[in-house]
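Colleague: Predicted model follows, preceded by the sequence.
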Amino acid sequence: MEELLRNAWTGWLNYSKSGQFGGVLLLAMIAVWMLRLGKERQRDLTIFVTIMTCFCIFPVSAALLMTWQTRFYDYQWIWTMVPVTGMIACGVTLLLEWIWNGAWSRRQKQIATALILLALLLSGRMSDLQGSVRDLTKERREIAAVLREVHPEGEGLITLWAPKEVIAQARSLDPGIELLYGRNMWQGHLNAYSYDTYDQERRDLYVWMIMIGRYGTLDVPVAIDLDVVGERLEAGTQLNGLSMVKKALNLGVDKILLPGNMSEEALNALRSELSANVNKVGEYWLVTIPEGVFWED
Amino acid sequence: MLALVAILLFPLLFLLGTGVTRILYGNKGKGEFFWEDRFLAGIILLIGLAEGAHLGTLARGQSISVFKNLFLIAILAVTAFCVAILAVGRILQKRKGLAGTVPAKNAFYPDWKGMDKTEKVMTAVILAVFLGLLSRILFFSAVYQGQDLTLETVMSFLHTGKLYEVNPMTGAFYEQGVPSRLKLLCLSTLYAGICSFTKAGAETVVWHFVPAITLAACYFAYGSLARALFPKVRKQRLQFLLLVSILLAVGDYAYGMESFGLLHVGFQGTSIRAVVLMPYLISLCLRRKWKLAVCVVAAEACVTWTLYGLGAGVMVILIFAISLGCRKALAGRREGSAWKNS
């Protein structure tokens, strides 16, 4: 319960910090209440939104609403019950009506209207154009081209182990590719969609794949700043590359994509120790083990 | 094929929605429901049919082709039923000589000729923003993948031909399985069914087609809310819709915001709930259309994870009932003041 209350409190702080619609909603409601704007239905909406907003802001009631909506959803989803857009639009419509019916000069009315519209425009995305969701088209096109070479059409199911950005798109581009782990290795929320979890071995493999992307060598230390769901290895622990690759092959991996920055020394070690075929595919190195080759674990 | 479905979808939804309102409210509600209501009631019925077909599929071997067949049969049967109901209603109306109770002309479509210059400008801006948002959804893939696996789920369904057989994240068979409350939700199956029926790619359907329908439904929902809030003044309705359009266009700054759901994850159940079902539910509550409000609550339970069917919609109706009580109390106390009902 304590955690739920803490989440409810920090949730409101985050909600109001991440953008201005929370503040604009409060302003719209204050304007409607103070100026006594609106008639029957508009007043119904205002009273409803006022009650719901109070429920969403105060930690105890917010925690109750969070329980009601099930713990599957985070704090921000309780705001679904508050028609934020509808109330702001209704409040501003009533405010504009009040302004235009008031005893102000035409110029003053125009300026007031323009200022209100400008404030609305700046309250959302316009004040932070950098933070928008990026278009995935180009990135997906590039990864799709790589995957077409890794898994040509007509080839049966394969199990692939690859860097994070390829893993993130692989299953939504080619369902004929199986993965050692998916996006839920680093995006914890996705684990709510299934009871399955990953073992430590797969988490280590994920960490190793990230680290070789940074160092370009087979043997790498574990960094402290890793986004991994569940227990992780202690920072500084050395991971042995050949042992990691053998672990992956034992887990049924057919093909491995390594980051393009791998050193020639590392690639040669794979060739000599595992008799691996190493080819360049796009920005990555594709590693395959010929059939009939065995190695000691 | 997908384009054909898109073209046929709108008249079908209007037909189904008209049938729903006629069944729930009979002829007396005829003048109180507008084109927004018909479209949205059609969507709610479609969600209900998809859920029925999905549950039938789960019970009968979980094959996508079973879902497709069940869903098509259900749509055809319900469409025939709606046509029959409307035809019978029309015949009875003619016999009773009640043909004159059809709603006013402008109840069905915007009356462009009757608008003044300001209203025309506002309508044009609303349309322009709508088209801008629509093209953004159709031609860009600015999708937030952070907390979503719908596309992977749909592709897994299509690849295996069965529901919930493999883990969409890895493609391996489930070891522990999926929470059953999640399994009951119908959207992923519906999207896979659409892909299977139209032969369109999953990405096209999930990331572009469905969010475009959600956007249209969102405008209908806010149109309905505008009509509920400002039933008599068209200028205020347009002003309200214009402001909504602006807020939707600029409000996608954080996950969980209505606009973010609409523009970046318009295929998720939570987004459909936030931008379609909730505004429409509030419009229905304002108009005291409780029967249709219950249908919205049921639709919500089909698309989002709820507390055993009791979702945000139930809470909204409860709090709305409380707020109505508050308003009556306030109106009573302030009788004679400016707060008195006009």
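Modeller: Received it, and whenever you're ready, just let me know what you need. Numbers count the residues shown, from 1 in each chain, chains lettered A, B, ... in the order given.

Colleague: where does the stretch 101-250 of chain A have low pLDDT?
Modeller: A:126-132 (pLDDT under 70).

Colleague: Enumerate every residue touching residue 62.
Modeller: No chain specified, so I'll use chain A. Contacts here follow C-beta atoms under 8 Å, 6 or more residues apart in numbering or on different chains; on that basis A:A62 touches A:A8, A:W9, A:G11, A:W12, A:F55, A:C56, A:Y75, A:I78. Every C-beta, even on glycine, is put in place using the N, C-alpha and C of the backbone.

Colleague: that's the wrong chain, I wanted chain B
Modeller: B:K162, B:L163, B:Y164, B:E165.

Colleague: Report the residue ranges of every domain in chain A.
Modeller: Dividing chain A into domains by automatic domain parsing, as the record does, gives the ranges A:2-131, A:137-288.

Colleague: that older thread, turn the contacts of B:Q62 into TSV, including distance to A:T85, pLDDT and neighbour count.
Modeller: What follows is the contacts of B:Q62, written out as TSV (distance: C-beta to C-beta, whole Å; pLDDT from 0 to 100; neighbours: other C-beta atoms under 10 Å in any protein chain shown):
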residue	distance to A:T85	pLDDT	neighbour count
B:K162	39	92	17
B:L163	34	92	22
B:Y164	35	91	20
B:E165	39	91	13
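
Colleague: neighbours around the closest residue in space to A:A28 that isn't next to it in sequence, how many?
Modeller: With C-beta to C-beta, 6 or more residues apart in numbering or on different chains as the criterion, A:A28 has its nearest non-adjacent residue at 3.0 Å, and that residue is A:G91. A count of neighbours around A:G91, defined by other C-beta atoms under 10 Å in any protein chain shown, yields 27.

Colleague: A:G91: which element?
Modeller: A:G91 is part of helix A:84-101 when elements are defined by DSSP states H and E.

Colleague: So which bits of that helix are buried?
Modeller: Using 16 or more other C-beta atoms under 10 Å in any protein chain shown as the test for burial, helix A:84-101 gives A:84-97, A:99.

Colleague: Get me the contact residues on the stretch 151-297 of chain A for chain B.
Modeller: Remark: the part of the stretch 151-297 of chain A in contact with chain B comprises A:157, A:168, A:171-172, A:175-184, A:187, A:189-190, A:192-197, using C-beta under 8 Å from any C-beta of the partner chain.

Colleague: Burial check on the residue of the stretch 151-297 of chain A found nearest chain B, number of neighbours?
Modeller: Nearest residue of the stretch 151-297 of chain A to chain B: A:G182, at 2.7 Å (C-beta to the nearest C-beta). Taking other C-beta under 10 Å as the criterion, the count of residues near A:G182 is 25.

Colleague: Please report the distance of the closest residue to it other than its chain neighbours from A:E153.
Modeller: The shortest distance from A:G182 to any non-neighbouring residue, by C-beta to C-beta, 6+ apart, is to B:M169 (2.7 Å). In this structure, B:M169 and A:E153 are separated by 23 Å, where distance is defined by C-beta to C-beta, to the nearest Å.

Colleague: Who has more neighbours out of the two?
Modeller: Higher neighbour count among B:M169 and A:E153: B:M169, with 25 against 7, using other C-beta under 10 Å.

Colleague: was I right about that one contacting A:L190?
Modeller: Yes - between B:M169 and A:L190 there is a contact at 6.7 Å, judged by C-beta atoms under 8 Å.

Colleague: intersection of neighbour lists for the two?
Modeller: Each of A:G182, A:R183, A:N184, B:L149 lies in contact with both B:M169 and A:L190 under the rule C-beta under 8 Å, 6+ apart.

Colleague: gap between B:F240 and chain A?
Modeller: According to C-beta to the nearest C-beta, to the nearest Å, B:F240 stands 5 Å off from chain A.

Colleague: Over to B:K96?
Modeller: The value you get for B:K96 to chain A, if C-beta to the nearest C-beta is used, is 32 Å.

Colleague: Most neighbours among the contacts of A:A62, please name it.
Modeller: The most neighbours of any of the contacts of A:A62, using other C-beta under 10 Å, belong to A:I78, which has 28 neighbours.

Colleague: ok, that one touching A:M66?
Modeller: Yes - under the criterion of C-beta under 8 Å, A:I78 makes contact with A:M66 at 5.9 Å.

Colleague: overlap in contacts of the two?
Modeller: Overlap between the neighbourhoods of A:I78 and A:M66 consists of A:G11, taking contacts as C-beta under 8 Å, 6+ apart.

Colleague: Now do stretch B:286-294: everything it contacts.
Modeller: Surrounding stretch B:286-294, the residues in contact under the criterion C-beta under 8 Å, 6+ apart are A:41, A:44-45, B:20-21, B:24-25, B:32, B:37, B:41, B:44, B:225, B:228-229, B:281, B:284-285, B:313, B:317.

Colleague: if you set the cut-off to 10 Å instead, what comes out?
Modeller: Contact with stretch B:286-294 is made by A:40-42, A:44-45, A:48, B:17, B:20-21, B:23-25, B:29, B:32-33, B:37, B:40-41, B:44, B:224-225, B:227-229, B:231, B:280-285, B:295-296, B:313-314, B:316-317, B:320-321, B:324, as judged by C-beta atoms under 10 Å, 6 or more residues apart in numbering or on different chains.

Colleague: Excluding chain neighbours, what is closest to B:L163?
Modeller: Among residues not flanking B:L163 along the chain, B:Q62 sits closest, at 4.2 Å (C-beta to C-beta, 6+ apart).

Colleague: do the same with B:G313
Modeller: The shortest distance from B:G313 to any non-neighbouring residue, by C-beta to C-beta, 6+ apart, is to B:V297 (3.9 Å).

Colleague: Which residues are in contact with the one you found?
Modeller: B:44, B:277, B:281, B:306, B:309-317.

Colleague: so how far is A:L218 from the nearest residue to A:Q200 once chain neighbours are set aside?
Modeller: With sequence-adjacent residues excluded and distances taken as C-beta to C-beta, 6+ apart, A:Q200 is closest to A:E231, at 6.6 Å. For A:E231, the distance to A:L218 (C-beta to C-beta) stands at 24 Å.

Colleague: Need the pLDDT of B:Q176.
Modeller: According to the predicted model, the pLDDT of B:Q176 comes to 87.

Colleague: What is the distance between stretch A:165-178 and the centre of its chain?
Modeller: 17 Å (C-alpha atoms, centre = their mean, to the nearest Å).
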